[in-house]
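1. Starting from these lines, generate the structure:
(2 chains)
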Amino acid sequence: MHSPLLERISILQQFVLIFLFQVGSAIVVGAGAADAKQDLWIAEIVACAIGLILVVIYVYILRLKPGYDLYDILSLVFGRWPGRLLAVLYILYFFYISARVLRDFTELLIIDVLPETPLEIVTLLFILTVIYMVYMGIEVLGRMSETFVPYFITFVLLITLFLIFGQDISVENLLPVLGDGWEPVLKVVFPELVTFPYGETVVLMIIMAHTTHPRYMPLTALLATVLSGSVLSYHAFLMIAVLGGDMVARSTFPLLSVVREVSIANFIERLDALVVFIMMVGIFVKVSLFFYGGLKGLEFLTRIPFRHFVLPCGLMVGFLSIIIAANFAEHIEEGVQIVPLFFHVPFQIIIPVLLLAVLLIQRWRQRRVKRHGFRGTLQKWK
Amino acid sequence: MNRHGILLPLLLLSLICQTGCWDRREVNEVSVVTGMAIDTGEEMKYRLTVEVINSPELNQQQGGAAAPAIVYWREGHTIAELAQKMNTGLTRDLVFSHMRLLVISLDVAREGLFDFLDYLERSREIRNDFEIILARKGKAADVLQITYPVQKVPSIKLNTQMQTLKREWGGDPDIRLKDIVNSLMSPGREPVMSIVKIRGSAEEGKSVSNMEKVTPDALVFMDGLAIFKEDKYVGSLPVEAIPYVLLADNKLRETVISAACRENASERFTVDLKDTRAKIKMAVKDDIPQIHLGIEVEGQIDGTECADDLSKKKVYQAYESRTETVLAQRLKDVIVLVQTRYGSDIFGFGEEMNRQQHDYFQRVKGRWNIQFSKAAVSVKVNAKLRRAGLVTNTFKAVEQKEG
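-> Numbering: from 1, shown residues only, chains lettered A, B, ... in the order given. As a prediction, the model looks like this:
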C-alpha cells in the first residue's frame, strides 16, 4: 500500500477534532430539553462534569498502555479471543452510531432545506464525501477540521450577535431556576446527556493513541471537553432565552428554530444556512470518526489495511442510515430510549471502566513485585 | 493509479448529483404570498384566501394601472391542504416564506385557533415574522383587498402600519405566531391580537381606483384588542387600552397620555412617555395572588391647555404627580376590567407568578384564570418629566398675567 499503517495527528488537530466531535450534532439536536426545560443549561454543565470523568478514564487507559489503541488494549487485557469478540462488537457499535449520526443530519437537511430531494441522494452524496476523506486518511480529516473550526466559531458567535441586536433574547425565560428541583435535571443528565456526546468520545481512543505529542494528549482531551461543555451549555442557555423552555422541548432542531427568529431590519434574516453549516461540519467529523473507528477495528482483526474496507463499508453505513428507521419519530425514539441504555452505557462506560480496573490491578501487582521482589509477594501470602 | 480510479467516478457522480434538480425554484416560476386570510367556509370548514404580489406593478417606473396584488380563495377542510391547492386558480408555485400578515375572521376565532396553528408552526416555509390580526366585521378576506396608495400591497400596508403604531404610540401588541403558540401553551398567559376594521365601503375599496382618491373609499384601521381564553375569542378591549395592556406586560416602548392639569379641571396637558418600565412583584396572601406593579416612566411635556408656568420646577412636579395618579388609575382600571369581565390573564401575570412563586403557581396552574380574576392588584407609578419642548412659559400664562 502507499502509506504506512500508522498515521499521526498533531495535538491541535486532536483538540479541534474532539471539540467538533462533541459539539457537532449535540448543538443542533437539543437532547434532553423535553424534561429539563428551562434548566437544560444546568443539565449540560452537570453532564459535562460527569463527561469529564469519562474522558479521564479513556485518557488514563491510553496513558497506561502508551502506543496502543482501544483494540490493542482490549486484547491485551481480556486475552486474544475475548478481546477480538469485544472488538467485533465495538466495530458494529461504531458503524451503527456512524449511520445514526448521518441520519440526524440528512433529516435536518430534508426537513429544512431540501424537502423535495430524496433521502437516498443526500445520504449518498454525504457518505461518498466521507468515504473519500477517510480514504485519504485521518490526517486529512485533522486538517479539514483545522480549516473549518474558525468558520464554525465565527458562525456561532455571529448567531449570538444577531440575536442580541435583534432583541430576541429575554433572560426571564430562564426563570425559575431549578423550580422543580434537581430531579428533572438529573434525569436527563444520565444517561442521555452524558453519553451523548461525552461518552461517544470513546471512539477517539483509537486516534488519541497516536498523536505527535502523547505527553500533552490528556490535557488536550480534557480542555477540549471543557470547551465543548461550555459551548453546549451556552447554547442551551441561548435557545431557552430565545424560545422559552416549552418551545425548545417541542422543537425538532432548537438551534434552527432559534436562528429562524433572527430578523434585523428585515435585512439580516433567513440564516438557516448558518445552522446547516455548523451541523454539517460537526456531523462530518462525527460520521468520519465513528466510521474510521470501525474501519480501524477491521484492520486490527484482519491485518489488512483499512483502506480496502473504506468503499464497501462506507456504502453499508450509508445504506444502514437509510433503513435504520422508517420515519423521523422512530429514529428519535430509538435514539432517546434504546441507544443510550443498551448501546452507549455498555460500550462507553462499563467496558472502559472494566478495562481501567483490570489495568490498575495489573499495575498494582507489577509494582508490588518490583518493590518487594517475588519473594516479598510470597511472604505476604503466608 | 488506484487513487484516480476512485476519484474520477466520484467527481463525475457529484457533478450529476449537485445540480439540485429536486429543490430548484427559479424566481420567475414562483409567486410570493404576502398575506393570508382564514374565514369559515360555507360548505367546508375553512375558506383560505391568499394574496400574491403582482410584482411588475410594484416597479417605480413601470407600475401603475393594474392591481398590485391578486387575491384568490378556496374552501377546504384544513389550511395545510388548501395551501397546496391554491394553484387551482393561480398560475405559479406559491412561496409562503415572505408572508407579512395573517388575518382571521371572528367566526374562526370563536371556533378556536388550535386546528390551523399547528400547520403554520410546522411548515418550514412559514416563518415567525408576520403579524396575526383579527377582522371583526365581515370577511377576513376583505382586509387583504383594500388598496392603499403608499404601500400598494394591502398586507404590507397593514404590517407597516402596525409596526409604526407600536413604535409611536404602543397601540399594537405585535403578535406573532410564536407569541400565540407560547400563550396557548403557557398556563399563565392567554393570547391577544389586534382587531382591524374597514372604514368605508369594502366593495369599493377593492379596486385600483381606491388609490386615486384623497379620501380612500375604504381604509383598514386598528380597532382594539381581541382577548382569547384558551384558543377561543371571548371579547375585546378598545384600542385606547392597548398601551396599558402592554405596560402591565413590560412591553411598552412609547406612548402618549393626556390628563387634567388639576383634579376636576377641564383643561388638559399631554405627556409623551418614552422610557417605560414595569417591575412586577408577585406575592400570595391567603391563597390569593397579590400583584404589585411598579411602573417607571420618563417623558416630556408635549403641550398644555392650562395657564401654568412651565419654567418652574414646581409645575413639573405637579404634572409628574398628576401623570402618576392618572396612569396608575387607568392601568388599574384596565386590569380590573379584564379580571372582572373576561377572567383571562392576557398580561402574563401567571408566568411571572411561576417565576417568583413557583410552588404556589404549580399548585394553582390548572385554575390560574380564576385565581387571576381574584387577584389583588396594586399599581405604583413613578413618573419623571424631563423637558417641555421649544417654549418654556405658555403664552396663555403670560397673557393671563398681563391681562
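2. what bits of the chain have low per-residue confidence?
-> No chain in the question, so chain A it is. Within chain A, the ranges that satisfy pLDDT under 70 run A:1-6, A:373-382.
3. hm, I was asking about chain B
-> In chain B, residues with pLDDT under 70: B:1-3, B:17-20, B:60-65, B:403.
4. Within range of chain A, give me the residues from chain B.
-> B:2-3, B:6-7, B:10, B:13-14, B:17-18, B:20, B:22-23, B:97, B:124, B:127-129, B:178, B:181-182, B:185-186, B:354-356, B:358, B:362 (C-beta under 8 Å from any C-beta of the partner chain). Every residue, glycine included, has its C-beta placed from N, CA and C.
5. Now restrict those residues to buried residues only.
-> Neighbour counting by 16 or more other C-beta atoms under 10 Å in any protein chain shown classes B:127, B:128, B:129, B:178, B:181, B:182, B:186, B:354, B:355, B:356, B:358 among these as buried.
6. Which secondary structure element is home to residue B:302?
-> Using DSSP states H and E, residue B:302 sits within strand B:288-304.
7. what about dumping the CA coordinates of that strand to CSV?
-> Below are the C-alpha coordinates for strand B:288-304, written out as CSV (Å, rounded to 0.1, in the frame of the first residue of the first chain):
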residue,chain,number,x,y,z
ILE,B,288,-55.0,35.0,46.7
PRO,B,289,-52.4,36.4,44.4
GLN,B,290,-51.1,39.9,45.2
ILE,B,291,-49.8,41.7,42.1
HIS,B,292,-47.7,44.7,42.7
LEU,B,293,-46.8,46.7,39.7
GLY,B,294,-44.0,49.2,40.0
ILE,B,295,-44.1,51.5,36.9
GLU,B,296,-41.2,53.8,36.0
VAL,B,297,-41.9,56.3,33.2
GLU,B,298,-39.8,59.1,31.8
GLY,B,299,-41.1,61.6,29.3
GLN,B,300,-41.6,65.1,28.1
ILE,B,301,-44.4,67.5,28.2
ASP,B,302,-46.0,67.8,24.7
GLY,B,303,-48.5,70.5,25.4
THR,B,304,-50.7,72.1,28.0
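8. buried residues in it?
-> For strand B:288-304, using 16+ other C-beta under 10 Å, the buried residues are B:289, B:291, B:293, B:295, B:297, B:298, B:299, B:301, B:304.
9. Now do the same contact list for residue B:339.
-> The contact partners of residue B:339, by C-beta atoms under 8 Å, 6 or more residues apart in numbering or on different chains, come to B:372, B:373, B:375, B:377.
10. Number of residues surrounding the second one?
-> If I follow you right, that is residue B:373. Counted with other C-beta atoms under 10 Å in any protein chain shown, residues neighbouring residue B:373 total 16.
11. With the first one instead?
-> The number of residues packed around residue B:372, counting by other C-beta under 10 Å, is 25.
12. which residue packs closest to it, ignoring adjacent ones?
-> Once flanking residues are discounted, residue B:372 sits nearest to residue B:345: 4.3 Å by C-beta to C-beta, 6 or more residues apart in numbering or on different chains.
13. Now do the contacts for the one you found.
-> Contacts for residue B:345 were tallied using C-beta under 8 Å, 6+ apart; they are B:188, B:189, B:190, B:368, B:369, B:372.
14. please redo it, this time with the cut-off set to 10 Å
-> B:183, B:186-190, B:229, B:338-339, B:351-353, B:368-369, B:371-373, B:375 (C-beta atoms under 10 Å, 6 or more residues apart in numbering or on different chains).
15. Quick check on the residues you listed: which are buried?
-> Counted by 16+ other C-beta under 10 Å, those give B:183, B:186-190, B:229, B:338-339, B:351-353, B:368-369, B:371-373, B:375 as buried.
16. All the strands of the stretch 51-200 of chain B, residue numbers only.
-> Here the stretch 51-200 of chain B has its strands, by DSSP state E, counting those that start in this stretch, at B:69-76, B:93-95, B:101-105, B:131-135, B:192-200.
17. could you redo those strands as JSON lines and give each row mean neighbour count?
-> Formatted as JSON lines, the strands of the stretch 51-200 of chain B follow (neighbours: other C-beta atoms under 10 Å in any protein chain shown):
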{"stretch": "strand B:69-76", "mean neighbour count": "18"}
{"stretch": "strand B:93-95", "mean neighbour count": "15"}
{"stretch": "strand B:101-105", "mean neighbour count": "25"}
{"stretch": "strand B:131-135", "mean neighbour count": "25"}
{"stretch": "strand B:192-200", "mean neighbour count": "21"}
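18. Would you mind putting those into CSV with distance to residue A:363 alongside?
-> Shown next, in CSV, are those (distance: least, C-beta to C-beta, whole Å):
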stretch, distance to residue A:363
strand B:69-76, 73
strand B:93-95, 66
strand B:101-105, 69
strand B:131-135, 68
strand B:192-200, 69
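19. Indicate which one of those is closest to residue A:121.
-> strand B:93-95 (21.0 Å; C-beta to C-beta).
20. Now tell me what touches that closest one from outside.
-> Counting by C-beta under 10 Å, 6+ apart, B:25-27, B:29-33, B:50, B:52, B:72, B:83-84, B:86-87, B:125 sit against strand B:93-95.
21. By neighbour count, which of these wins?
-> residue B:50 (27 neighbours).
22. and the stretch 201-350 of chain A, which residues reach chain B?
-> A:242-244, A:246-247, A:249-252, A:256-257, A:260-263, A:266, A:269-270, A:272, A:307, A:310-311 (C-beta under 10 Å from any C-beta of the partner chain).
23. Just the buried residues of those residues.
-> Buried, going by 16+ other C-beta under 10 Å: A:242-244, A:246-247, A:249, A:251-252, A:256-257, A:260-263, A:269, A:272, A:307, A:310-311, out of these.
24. Out of those, which sit inside helices?
-> A:242-243, A:246-247, A:249, A:256-257, A:260-261, A:272, A:307, A:310-311 (DSSP state H).
25. ok, which pair from the residues you listed is furthest apart?
-> Top of the distance list for those (C-beta to C-beta): A:246 and A:307, 49.0 Å.
26. how is chain B carved up into domains?
-> Taking automatic domain parsing as the criterion, chain B consists of the domains B:27-237, B:241-403.
27. wait, what's in contact with the closest residue to residue A:44 other than its chain neighbours?
-> Closest residue to residue A:44 apart from its sequence neighbours, by C-beta to C-beta, 6+ apart: residue A:233 at 3.8 Å. If you count contacts by C-beta under 10 Å, 6+ apart, residue A:233 has them with A:40, A:41, A:42, A:43, A:44, A:45, A:46, A:47, A:48.
28. Show me which of those is closest to chain B.
-> Using C-beta to the nearest C-beta, residue A:42 is the member of the contacts of residue A:233 that lies nearest chain B, at 15.2 Å.
29. show me the contacts for residue A:178.
-> By C-beta under 10 Å, 6+ apart, the contact set of residue A:178 is A:38, A:39, A:42, A:184, A:185, B:358.
30. Quick one: the contacts of residue A:233 as TSV, columns for distance to residue A:70, secondary structure and neighbour count too.
-> Output for these, formatted as TSV (distance: C-beta to C-beta, whole Å; DSSP: H, G, I helix; E, B strand; the rest coil; neighbours: other C-beta atoms under 10 Å in any protein chain shown):
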residue	distance to residue A:70	secondary structure	neighbour count
A:40	31	helix	32
A:41	32	helix	21
A:42	32	helix	20
A:43	29	helix	29
A:44	27	helix	29
A:45	28	helix	18
A:46	27	helix	21
A:47	23	helix	31
A:48	23	helix	25
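31. Widest-spaced pair of these?
-> Top of the distance list for the contacts of residue A:233 (C-beta to C-beta): A:40 and A:48, 12.5 Å.
32. overlap in contacts of those two?
-> With C-beta under 10 Å, 6+ apart as the test, residue A:40 and residue A:48 both reach A:193, A:232, A:233.
33. In contact with residue A:57, which residues are there?
-> Neighbours of residue A:57 in contact, by C-beta under 10 Å, 6+ apart: A:202, A:205, A:348, A:349, A:352, A:353, A:355, A:356, A:357.
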